[in-house]
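[1] Mind looking at a prediction? Sequence and model below.
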Amino acid sequence: DQQVKQNSPSLSVQEGRISILNCDYTNSMFDYFLWYKKYPAEGPTFLISISSIKDKNEDGRFTVFLNKSAKHLSLHIVPSQPGDSAVYFCAASVTGYALNFGKGTSLLVTP
Amino acid sequence: EAGVTQFPSHSVIEKGQTVTLRCDPISGHDNLYWYRRVMGKEIKFLLHFVKESKQDESGMPNNRFLAERTGGTYSTLKVQPAELEDSGVYFCASSPPPRSYNEQFFGPGTRLTVL
């Protein structure tokens, strides 16, 4: 009963272009959404988040968009850099409770 | 500021043995979470402490897993006896009060291999 789904296991993008990572969720009770970035042999690192009362949050090169009616969120990275190559996890929660993660999308940014 | 630390980084044990994993959260973080990632699958919640109290242990797979957080500081997760399906990476995360603080800060994980 996976409640958060990342349907693309991998994505390859050229340096300087836009990377778009997608995430879908099923639980309408979720009110907070997060993106984490993970390098091999390290723990997930918090990247950016969005509350369900917003539809967009921006932090430098990273923007998260939330479409509540479609139960869909996306992470945009512009411009993409080789150092962005990592696994990106989408997570959702009901405030104050555990995070529910997707399986991750492995992003490769090529020079 | 020191991040979340976990010990050991790797553990290889045989089926039936006992293993204890330790997590030291960021100082001042009342909330402490344990998660597990089995290979190829998503990171799954195990349990949540607020200070020394278990708030939610709905993700604990069975009674072979025992988590403690004495004094509301570090936490241990004991697996006894370990089974093959317990293999995976165990992550600890912490967050400051209040409980409604949403961002969680993760440690590097402990990779457990049960042979």
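    That came through, no problem. If you're wondering where the values come from, they're calculated on a predicted model, not measured in any experiment. Residues are numbered from 1 along each chain as shown, chains lettered A, B, ... in the order given.

[2] residues contacting the nearest residue to B:Glu14 once chain neighbours are set aside?
    Excluding its sequence neighbours, the residue lying closest to B:Glu14 (CB to CB, 6 or more residues apart in numbering or on different chains) is B:Leu115, at 5.3 Å. For the C-beta atoms, the positions are set from N, CA and C on the backbone; glycine is no exception. Residues counted as contacts of B:Leu115 (CB atoms under 8 Å, 6 or more residues apart in numbering or on different chains) are B:12-15, B:84.

[3] Quick one: buried ones out of the residues you listed?
    Applying 16 or more other CB atoms under 10 Å in any protein chain shown to the contacts of B:Leu115, the neighbour count classes B:Ile13 as buried.

[4] between the contacts of B:Leu115, which is closest to B:Val38?
    Distance ranking of the contacts of B:Leu115 against B:Val38, using CB to CB, places B:Leu84 first at 11.1 Å.

[5] shouldn't that closest one be in contact with B:Leu112?
    No: judged on CB atoms under 8 Å, B:Leu84 makes no contact with B:Leu112 at a distance of 11.0 Å.

[6] Can you pull the residues of chain A lying near chain B?
    If contact is defined as CB under 8 Å from any CB of the partner chain, the residues of chain A in contact with chain B are A:2, A:4, A:32, A:34, A:36, A:41-46, A:49, A:89, A:93, A:95-104.

[7] what about residue 18, how many neighbours?
    Answering for chain A, as no chain was given. Residue neighbour count, defined by other CB atoms under 10 Å in any protein chain shown, stands at 13 for A:Ile18.

[8] wait, chain B
    Number of residues near B:Thr18 (other CB under 10 Å) recorded here: 11.

[9] need the contact list for it.
    With contacts defined as CB under 8 Å, 6+ apart, B:Thr18 is in contact with B:78-82.

[10] cutoff 10 Å now
    B:Thr18 is in contact with B:64, B:78-82, counting by CB atoms under 10 Å, 6 or more residues apart in numbering or on different chains.

[11] Can you check my assumption that A:Gly83 lies in a helix?
    Yes: the assignment for A:Gly83 (DSSP: H, G, I helix; E, B strand; the rest coil) places it in a helix.

[12] Any idea how many residues pack against it?
    Applying the criterion other CB under 10 Å, we find 9 residues in the vicinity of A:Gly83.

[13] Now do the nearest residue to it once chain neighbours are set aside, the pLDDT please.
    The shortest distance from A:Gly83 to any non-neighbouring residue, by CB to CB, 6+ apart, is to A:Val109 (7.8 Å). Reading off the per-residue confidence, A:Val109 sits at a pLDDT of 98.
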